[in-house]
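Asker: Here is my input; please provide its structure:
(6 chains)
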4 protein chains.
Amino acid sequence: MRTVDPAKHEARRRQILAAATRCFARKGFGQTRTADICAEAGMSSGNLFHYFESKHAIFAAIVEQDGIETDALFAELSTMDPWAALTAFFDLLVDLADDEYAKLALEISAEANRDERIAELVTANDRTLRAGLAALVERATAAGRIEPGVDADTAATWLTVLVDGLFNRVAVDPSFAPKRERETLRQVVARVLQAN
Amino acid sequence: MRTVDPAKHEARRRQILAAATRCFARKGFGQTRTADICAEAGMSSGNLFHYFESKHAIFAAIVEQDGIETDALFAELSTMDPWAALTAFFDLLVDLADDEYAKLALEISAEANRDERIAELVTANDRTLRAGLAALVERATAAGRIEPGVDADTAATWLTVLVDGLFNRVAVDPSFAPKRERETLRQVVARVLQAN
Amino acid sequence: MRTVDPAKHEARRRQILAAATRCFARKGFGQTRTADICAEAGMSSGNLFHYFESKHAIFAAIVEQDGIETDALFAELSTMDPWAALTAFFDLLVDLADDEYAKLALEISAEANRDERIAELVTANDRTLRAGLAALVERATAAGRIEPGVDADTAATWLTVLVDGLFNRVAVDPSFAPKRERETLRQVVARVLQAN
Amino acid sequence: MRTVDPAKHEARRRQILAAATRCFARKGFGQTRTADICAEAGMSSGNLFHYFESKHAIFAAIVEQDGIETDALFAELSTMDPWAALTAFFDLLVDLADDEYAKLALEISAEANRDERIAELVTANDRTLRAGLAALVERATAAGRIEPGVDADTAATWLTVLVDGLFNRVAVDPSFAPKRERETLRQVVARVLQAN
DNA sequence: CATGAATGAGACTTCATTCAT
DNA sequence: CATGAATGAAGTCTCATTCAT
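Answerer: As a prediction, this is how the structure comes out:
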């Protein structure tokens, strides 16, 4: 009576998404062929299109997944002390900012230029991120831990400039090792927000 | 006779480069068709390839040109008071950071992932930029205008994080108006470098 | 499940090769469009390149096939009486030397001038042919059926001059009917080898 | 009053023809670009088309020139003792049969397959050659020097098989050195014609 | 005469997607 | 579900030829 299929189906989708993520990070959206994804996922092309209706849909699903994870992250951070949460956020960033993730982030930004649907998802993700950061900034300001000197939204925006810039740097400059820069990043954030 | 006229030849190349820059900024490298560039430059495809041997070569020439302009900029800035130069640099950035330039910058970073030759040019440009900023930071520190608290190279690297992040923001977030943020950026830079 | 069917794959390749052979014989390598081959094979261009990676590869496969057939032929001839085998060889040549085959042979020789890979295959085929003929000449000499007066390799080489020349004649001179010349060819061969 | 132009014009044409001959021999008709011929002739493309109306016309002129030289050769040979003339003819062949000439001959034959105008010229040249050889064979037979055993036209045809085959061999087999084979060729001819 | 910029048709090949098995 | 053969539109680039200077 119970069909096991839905679970298997979902597993297959995740498998494809994981494979595609690696491919897109390595070669970008345009340069990745569906055949590459098939090979990476160990699957025929006919089967791939059984699970996703197009290459764009795969990319969109990855961006969507990214948004879901951002949501989850801020749900968690919102329960913490605001300054500790901000520190934890940038710490996590350093941990995430390996070559693959950074290059993928770059690809996502670039692809948003060309594909309206991707642009919408990216904008939504971006709003989530800024809203989450703004909330933390507001609470930290109220708690007297920081004195950004500008409204919370503006401060959050400038924090995202650091986020974007960090990923860009990792993607572009192979000599830049984010983990070695962890302390400096903390200091930069502290200075920008005038933390006490 | 001797009707070669290298000036005309150079003018044509610049015309193509300008047209291609617009196209690449609008649609990215991969989505830009050589036919698009031809149309934008008002030129047949055969003639386009008379001046550049491939689409990649056109893109590479644009990146190269960008490096040349960066060189020229820092040559000029190096004659100025270091703090004034830093302020002028970020001011110029704000002026440059329109949609087209920002999107092109994104495309260049993304393309560097896929094309070794582009990656080399981008790395070279990046080195120029960081070296230029490091020199300014060093002189400003010596003059007592700033107290970065880290060595000049590290400080310069974090300034490039701001640069990259700024362009990314412009490209990704249509509600972000760099000219309105000019003052905030000055403040962020001042804080990061602990300017007096 | 396991629906791969290598036999069908091989059949398709042969179908393409047969179609391409007709095209190349008719118009030469350079003048044959891949679209011509597709049309002749009743197949889309996309599918054609599913079986061969380039037009050159198709041509190379034809030349390779020719070598395999030469091998098989001499494997058979080597079991026969040497003089009977030589006679049979030139008889077979006359049967093969129709317009299509002769023109294809010409195209293959010409293409070997331009494509290193083709040149290697042609050289290999040529060596097979000369070695096969030399073996027959040697055995026929030992059996006292012929007195070439030169060593077997030289004699074999001059027999290939006749082979090449015959094909060339068919290709170039529409009034030359090889089947009508069968007897003369036998006589020429007999005289060149001084058959008893 | 006297215009020097016609001579100069003719010299230019010869210069182009010589350059084109080298190019066609090296790369074949299809693979030779007009730009190659221009470079080899030290001339702009505009100028090239001032002297020949098309690439085909250049090739045709080369083939035509070949025919003129064949005519001249047989005009000379016809004044000699017929057997001496036949010997001289094949001797000359050996001298001519270097790589360039042989490959060009191959290209001419191949191109005749595709271009009706070339085919006509080749056929005409071929007729000249066979007629010239047939006349020599006839005279040599009448003089009792040879006993071909077939009519003069047939004998001439088989001599052209040797001619074509020889060129083919030179073009295809780099180890075949025609000058080393001079004596063997004489013997082959003598045997085919049953010379006394 | 000479130059080389300009044209544009068309070639080969790629690749996302569909479909028969 | 799974396979991989099949499709065909579209892209980059080539090259013989023309033309303005």
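Asker: Tell me the predicted confidence for the most centrally placed residue in chain A.
Answerer: Among the residues of chain A, the one closest to the centroid is residue A:66, at 5.2 Å (Cα atoms, centre = their mean). For residue A:66, the model assigns a pLDDT of 95.
Asker: and it, what element?
Answerer: Assigned by DSSP states H and E, residue A:66 belongs to helix A:55-77.
Asker: can that helix be found next to DNA strand E?
Answerer: Yes: Helix A:55-77 comes into contact with DNA strand E (Cβ under 7 Å from any atom of the strand), by way of A:55, A:56. All C-beta spots, glycine's among them, are computed from the backbone N, C-alpha and C.
Asker: Skipping adjacent residues, who's closest to the residue of chain A found nearest chain B in space?
Answerer: For chain A, the residue closest to chain B is residue A:165, as judged by Cβ to the nearest Cβ, at 2.8 Å. Distances taken as Cβ to Cβ, 6 or more residues apart in numbering or on different chains place residue B:165 nearest to residue A:165, at 2.8 Å, with adjacent residues excluded.
Asker: between the helix or strand harbouring the one you found and helix A:152-172, how many degrees?
Answerer: Take DSSP H and E as the rule and residue B:165 turns out to sit in helix B:152-172. Relative orientation of helix B:152-172 versus helix A:152-172 (axes from the mean of the first three to the mean of the last three Cα atoms, to 10 degrees): 110 degrees.
Asker: how about helix B:152-172: buried residues?
Answerer: Buried residues in helix B:152-172, counting neighbours by 16 or more other Cβ atoms under 10 Å in any protein chain shown, are found at B:152, B:154-172.
Asker: what sits against the residue in chain A positioned nearest to chain C?
Answerer: Here the residue of chain A nearest chain C is residue A:44; by Cβ to the nearest Cβ that distance is 10.3 Å. By Cβ atoms under 8 Å, 6 or more residues apart in numbering or on different chains, the contact set of residue A:44 is residue A:38.
Asker: Which phi and psi values does it adopt?
Answerer: When read as degrees, to the nearest 10, the backbone of residue A:44 gives phi -80, psi 160.
Asker: Check residue A:195 too.
Answerer: Per degrees, to the nearest 10, the residue geometry at residue A:195, taken as phi and psi, is phi -70, psi 150.
Asker: For it, the count of nearby residues, please.
Answerer: With neighbours defined by other Cβ atoms under 10 Å in any protein chain shown, the count for residue A:195 comes to 17.
Asker: quick one: contacts for it?
Answerer: Contacts of residue A:195 by Cβ under 8 Å, 6+ apart are A:83, A:145, A:146, A:189.
Asker: ok, the first one - how many residues close by?
Answerer: Residue crowding around residue A:83 was assessed by other Cβ under 10 Å; the count is 21.
Asker: Just want the phi and psi numbers for the residue nearest to it when sequence neighbours are not counted.
Answerer: Nearest in space to residue A:83, with sequence neighbours left out and distances taken as Cβ to Cβ, 6+ apart, is residue A:145 at 4.2 Å. Here is the backbone geometry of residue A:145 (degrees, to the nearest 10): phi -80, psi -30.
Asker: does residue A:145 really touch residue A:85, like I thought?
Answerer: No: between residue A:145 and residue A:85 there is no contact under Cβ atoms under 8 Å: 10.7 Å.
Asker: neighbour count winner among the two?
Answerer: Taking other Cβ under 10 Å, residue A:145 and residue A:85 do not tie; residue A:85 has more neighbours (21 against 18).
Asker: Is that one within a helix or a strand, and which one?
Answerer: Per DSSP H and E: residue A:85 is located in helix A:82-96.
Asker: Pull out the buried positions in that helix.
Answerer: Buried residues in helix A:82-96, defined by neighbour count with 16+ other Cβ under 10 Å: A:82, A:83, A:85, A:86, A:87, A:88, A:89, A:90, A:93, A:94, A:96.
Asker: And stretch A:17-33, by the same measure?
Answerer: Neighbour-count burial for stretch A:17-33, counted by 16+ other Cβ under 10 Å, picks out A:17, A:19-32.
Asker: could you dump that stretch to CSV, C-alpha only?
Answerer: Taking Å, rounded to 0.1, in the frame of the first residue of the first chain, the C-alpha atoms of stretch A:17-33 are listed here in CSV:
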residue,chain,number,x,y,z
LEU,A,17,21.6,18.5,-7.0
ALA,A,18,24.8,17.6,-5.2
ALA,A,19,26.4,16.5,-8.5
ALA,A,20,25.2,19.6,-10.3
THR,A,21,26.5,21.8,-7.5
ARG,A,22,30.0,20.4,-8.0
CYS,A,23,29.8,20.8,-11.7
PHE,A,24,28.5,24.4,-11.6
ALA,A,25,31.1,25.4,-9.1
ARG,A,26,33.8,23.9,-11.3
LYS,A,27,32.8,25.2,-14.7
GLY,A,28,29.9,27.6,-14.3
PHE,A,29,26.4,27.2,-15.4
GLY,A,30,26.9,27.8,-19.1
GLN,A,31,30.0,25.6,-19.4
THR,A,32,28.4,22.7,-17.6
ARG,A,33,26.8,20.3,-19.9
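Asker: rewinding a little: relative to the whole chain's centre, how far out is the helix holding residue B:165?
Answerer: Distance, stretch centre to chain centre, for helix B:152-172: 12 Å (Cα atoms, centre = their mean, to the nearest Å).
Asker: what do you get for stretch A:87-104?
Answerer: Stretch A:87-104 has its C-alpha centroid displaced from the chain centroid by 8 Å (Cα atoms, centre = their mean).
Asker: Give the rounded mean pLDDT of it.
Answerer: The average of the pLDDT scores along stretch A:87-104 is 93.
Asker: swap in stretch A:128-146?
Answerer: On average, stretch A:128-146 scores 97.
Asker: send the alpha carbons of that stretch over as PDB?
Answerer: C-alpha atoms of stretch A:128-146 as PDB (Å, rounded to 0.1, in the frame of the first residue of the first chain):
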ATOM      1  CA  THR A 128      16.400  37.200   3.700                       C
ATOM      2  CA  LEU A 129      20.000  37.700   4.400                       C
ATOM      3  CA  ARG A 130      19.800  41.400   4.800                       C
ATOM      4  CA  ALA A 131      16.700  41.200   6.900                       C
ATOM      5  CA  GLY A 132      18.300  38.600   9.200                       C
ATOM      6  CA  LEU A 133      21.400  40.700   9.600                       C
ATOM      7  CA  ALA A 134      19.400  43.900  10.100                       C
ATOM      8  CA  ALA A 135      17.500  42.200  12.900                       C
ATOM      9  CA  LEU A 136      20.700  41.200  14.600                       C
ATOM     10  CA  VAL A 137      22.100  44.700  14.200                       C
ATOM     11  CA  GLU A 138      19.000  46.200  15.600                       C
ATOM     12  CA  ARG A 139      19.100  44.000  18.700                       C
ATOM     13  CA  ALA A 140      22.800  44.400  19.200                       C
ATOM     14  CA  THR A 141      22.400  48.200  19.000                       C
ATOM     15  CA  ALA A 142      19.500  48.100  21.400                       C
ATOM     16  CA  ALA A 143      21.700  46.000  23.700                       C
ATOM     17  CA  GLY A 144      24.400  48.700  23.500                       C
ATOM     18  CA  ARG A 145      26.900  46.200  22.000                       C
ATOM     19  CA  ILE A 146      27.500  48.200  18.800                       C
END
